[in-house]
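# Need coordinates for the below:
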Amino acid sequence: MAGMQGTKKNVISFLVALVVGVVLGTVVQTQLNLLALQAIGVGVGFDARLSATVHDLVSFAPLYGILFGVSFVVSQVVATAVSRFVGRGLRVPLFALAGACGLWVALLTANALAPMPTLIAATRSAGGLLAMLLTAAFAGALFARLTARRHTGVVGHAPTVILACCLALGLGSLPAPVQAQSPGNYTVETLISGLEHPWSLAFLPEGGALVTERAGRLRRISGEWGLDPEPITGVPTVFNDAQAGLFDVLLSPDFEADRAVFLAYACGTAAANHLCVARCQLQGMALHDVVEIFRAQPAKQGSAHYGGRMAWLPDGTLIVTLGDGFDYREQAQDLSSHLGKIVRLNPDGTAPEDNPFVGSHDALPEIYSYGHRNVQGLVYDSVDGLLIAHEHGPRGGDEVNIIEPGHNYGWPVITHGIDYTGAMITPFVEHEGMEQPLLHWTPSIAPSGMTRYRGELFPDWHGNLLVGALADRSVHRVTLDGRQANDTETMFEELDERIRDVATGPDGGVYLLTDSAEGRVLRIVP
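Presented below is the predicted three-dimensional model:
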């Protein structure tokens, strides 16, 4: 009977310490995220702070409970075993140290396995990481205090404690089934297959096309849509890892005369990398006179959020989209950084004299607009004279925007999305001086690649945006009426493919790139 009572006390003590650790960790990470907003000049009142905290206790705490719970079980069982060999006076510090070390190992493991550089945004800085570890240390010390008189029973009954923890945490809900739509009045043709994560397609005036592979290869497709078996040589050195690689390919407006090709790509190393743009001259199956004309500053760590789309404006200037580097989201509001911006360049990489921040001592002259997260869709429509972009939100908050020079598009101060962990990034969806999106997708579709259809094969789509979706594995048809946008149709779901790029071909067909290790070039015709 005494043994059963001891086991019950240990289980209850563990669950109490676990809940305290989860609640403390959740509250601390919320306040750290709000402090990051305050550091860039955003006022956060009591009501906003309270709503963010309550939101995170509901939305972030379950995931954090799993991460912290697993680490806490292991660390406290280990501490109990070690405590047999140390004095009682060292027991509380031992359990506290074990709790902190367990969470630290769990965070390192999660960051290594997760696609984003840092899973929990509050731990991006050393100070934030230390604050989170202190909450785990407090939980460990609390567990030691609560079991001070019967600590010897914990090891013997560790399986019971672990089982109770797992039952308390739960497994979460399963995703809802996705309903497929019937194919429309079109035919899908596979033109090219066997491409490794193709990213961008550019049509050549003499027929055929160039296509980039994220791994760092530029491939040539003939006018008869045959893929040359060898890649084009002379491509600049590309940093290829996770999301990093070779991105957009764009022909010069005078390509037939100058044979100039522009490439956007990740350059550098895992410890210090950038979004770079190079100007090259295409001669047969080789690039010559390769010159890097732009390198985003500052360097960043991690292999996420580069942007990488390009477009020409009628005046011959080049628009390049950039990402926020994921871990550096506050820099999207910092005009001394290129991260989270759209830049406008002359073809030689210099900043045009009429850029909106030229002459500002605290702003980089290349910046055209700011407050972006990760812009991977871009088109200039000459009919309406609009520069249109879409960008990835986190969990929700993917946006379509009309880009105006000097305007602030809000990230990370305003967003309709939340972090992948469920944590609130910001309590605001609007803020003075920041643009509202024409359209946002919540939940996220992960948009990538976009065209404004002006072909003749599909008259019902004329003037519509066709937006590729990675997570949604489809193409969304968006109608534009002035500054009003509506997502009217989801297409090509039957392909069940991540769509990386969407382009309107010279023949009026719609061309898709599928994002996989065996990627394809598809043509959509009536």
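
# ok, now how distant is I319 from L439?
For I319, the distance to L439 equals 20 Å [Cβ to Cβ, to the nearest Å]. Glycine gets a C-beta too; all of them are placed from N, C-alpha and C.

# between these two, which one's more packed in?
Higher neighbour count among I319 and L439: I319, with 23 against 19, using other Cβ atoms under 10 Å.

# Tell me the bridge partners for the more buried one.
A311, R344 (DSSP bridges).

# Report pLDDT for it.
Predicted confidence (pLDDT) at I319: the value is 98.

# Now do stretch 189-207: distance from first to last residue.
Stretch 189-207 has an end-to-end distance of 18 Å (Cα to Cα, to the nearest Å).

# buried residues in it?
For stretch 189-207, the neighbour count (16 or more other Cβ atoms under 10 Å) marks 191-192, 195-204 as buried.

# Can you give me the domain boundaries for this structure?
2-169, 187-525 (automatic domain parsing).

# hey, least reliable of these by pLDDT?
Minimum mean pLDDT among these: domain 2-169, a mean of 88.

# does T490 really touch R473, like I thought?
No - the pair T490 and R473 fails to qualify as a contact (Cβ atoms under 8 Å) at a distance of 9.9 Å.

# who has more neighbours, those two?
Legend: neighbour count by other Cβ under 10 Å for T490 and R473, higher for R473 (21 against 17).

# Just give me the residue right at the centre of this structure.
In the chain, the centroid-proximal residue (Cα atoms, centre = their mean) is H305; its distance is 5.4 Å.

# tell me the contacts of that one?
Neighbouring residues of H305 by Cβ atoms under 8 Å, 6 or more residues apart in numbering: 243, 323-326, 373-374, 392.

# which among those gets closest to L24?
Proximity of these to L24 (Cβ to Cβ) peaks at F326, which lies at 25.8 Å.

# Turn the buried residues of stretch 189-207 into JSON lines, columns for secondary structure and distance to F247.
Output for the buried residues of stretch 189-207, formatted as JSON lines (DSSP: H, G, I helix; E, B strand; the rest coil; distance: Cβ to Cβ, whole Å):
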{"residue": "L191", "secondary structure": "strand", "distance to F247": "21"}
{"residue": "I192", "secondary structure": "strand", "distance to F247": "19"}
{"residue": "L195", "secondary structure": "strand", "distance to F247": "14"}
{"residue": "E196", "secondary structure": "coil", "distance to F247": "14"}
{"residue": "H197", "secondary structure": "coil", "distance to F247": "11"}
{"residue": "P198", "secondary structure": "strand", "distance to F247": "11"}
{"residue": "W199", "secondary structure": "strand", "distance to F247": "5"}
{"residue": "S200", "secondary structure": "strand", "distance to F247": "6"}
{"residue": "L201", "secondary structure": "strand", "distance to F247": "12"}
{"residue": "A202", "secondary structure": "strand", "distance to F247": "12"}
{"residue": "F203", "secondary structure": "strand", "distance to F247": "17"}
{"residue": "L204", "secondary structure": "coil", "distance to F247": "19"}
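
# Out of the residues you listed, which comes closest to I499?
Proximity of those to I499 was ranked by Cβ to Cβ; the top entry is P198 with 10.8 Å.

# right, and that closest one touches V211 too?
Yes - contact status for P198 versus V211: in contact at 5.3 Å, counting by Cβ under 8 Å.

# Now list whatever residues contact both of the two.
Here P198 and V211 share the contacting residues 513, 521, scored by Cβ under 8 Å, 6+ apart.

# in the stretch 351-500 of the chain, which spans are strands?
With DSSP state E, counting those that start in this stretch as the criterion, the stretch 351-500 of the chain has strands at 367-370, 375-381, 386-391, 398-402, 439-441, 447-452, 465-469, 474-481, 484-491, 499-504.

# mind putting those strands in CSV, distance to A81 included?
As requested, the strands of the stretch 351-500 of the chain are arranged in CSV below (distance: least, Cβ to Cβ, whole Å):
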stretch, distance to A81
strand 367-370, 53
strand 375-381, 50
strand 386-391, 50
strand 398-402, 48
strand 439-441, 50
strand 447-452, 50
strand 465-469, 50
strand 474-481, 52
strand 484-491, 55
strand 499-504, 51
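
# So for V77, which of these sits nearest?
The minimum distance between V77 and these falls on strand 398-402, with 42.8 Å, by Cβ to Cβ.

# strands paired with that closest one, and their directions?
Applying DSSP bridges, strand 398-402 is found paired with strand 386-391 (antiparallel), strand 439-441 (antiparallel).

# Could you find the closest non-adjacent residue to P298?
S337 (6.2 Å; Cβ to Cβ, 6 or more residues apart in numbering).

# Wasn't that neighbour part of a helix?
No - read with DSSP: H, G, I helix; E, B strand; the rest coil, S337 is coil and lies in no helix.

# what about it, how many neighbours?
Using other Cβ under 10 Å: S337 sits among 23 other residues.

# Can you give me the first-to-last residue distance of stretch 287-303?
One end of stretch 287-303 to the other measures 26 Å (Cα to Cα).

# List the buried residues in that stretch.
287, 293-294, 296, 300-303.

# what sits against V343?
By Cβ under 8 Å, 6+ apart, V343 lies in contact with 294, 319-320, 322, 366-368.

# got it, and A423?
A423 makes contact with 29-30, 33, 56, 59-60, 120-122, according to Cβ under 8 Å, 6+ apart.

# centre of the chain versus the lengthiest helix in the chain, how much separation?
Ordering each helix of the chain by length in residues (DSSP state H) puts helix 2-39 first. Centroid separation between helix 2-39 and its chain, computed with Cα atoms, centre = their mean, to the nearest Å, is 29 Å.

# Any buried residues in that helix, and which?
Buried residues in helix 2-39 (16+ other Cβ under 10 Å): 6-7, 9-11, 13-15, 17-18, 21-34, 36-37.

# for stretch 415-422, same thing?
In stretch 415-422, counting by 16+ other Cβ under 10 Å, buried: 415-422.

# okay, these in TSV with distance to A469 next?
TSV is the format used below for the buried residues of stretch 415-422 (distance: Cβ to Cβ, whole Å):
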residue	distance to A469
T415	18
H416	17
G417	15
I418	19
D419	20
Y420	17
T421	22
G422	22
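
# Between those, which sits nearest V78?
Comparing those against V78 with Cβ to Cβ picks out T421 as the nearest, at 25.9 Å.

# circling back to that earlier point, the longest helix of the chain: what's the following helix or strand?
As assigned by DSSP states H and E, the chain's next helix or strand after helix 2-39 is helix 46-59.

# what's that next one packed up against?
Applying 3 or more Cβ pairs under 8 Å, 6 or more residues apart in numbering; DSSP states H and E, we find helix 46-59 packed against helix 2-39.

# residue contacts, A363?
A363 neighbours (Cβ under 8 Å, 6+ apart): 335-336, 357.

# need the contact list for the spatially closest residue to P394 that is not a sequence neighbour.
Spatial nearest neighbour of P394, chain neighbours left out: G417 (4.4 Å); criterion: Cβ to Cβ, 6+ apart. G417 sits next to 393-398, 425, 442, 444 when contact means Cβ under 8 Å, 6+ apart.

# PyMOL command for the buried members of those?
To isolate the buried members of the contacts of G417 in PyMOL, using 16+ other Cβ under 10 Å:
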select buried, resi 393+394+395+397+398+425+444
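
# Cross the contacts of G417 against helices and list the overlap.
Here DSSP H is the test, and those give no hits in helices at all.

# hmm, back to that, separation between the residue nearest to P298 and G323?
12 Å.

# what does A264 give?
Taking Cβ to Cβ as the measure, A264 falls 11 Å from G323.

# Endpoints of stretch 409-418, how far apart?
Stretch 409-418 end-to-end distance (Cα to Cα) = 17 Å.

# what's the closest of the contacts of A423 to N464?
Nearest member of the contacts of A423 to N464, counting by Cβ to Cβ, is S59, at 34.6 Å.

# Is the closest one in contact with G422, as I believe?
Yes - between S59 and G422 there is a contact at 3.8 Å, judged by Cβ under 8 Å.
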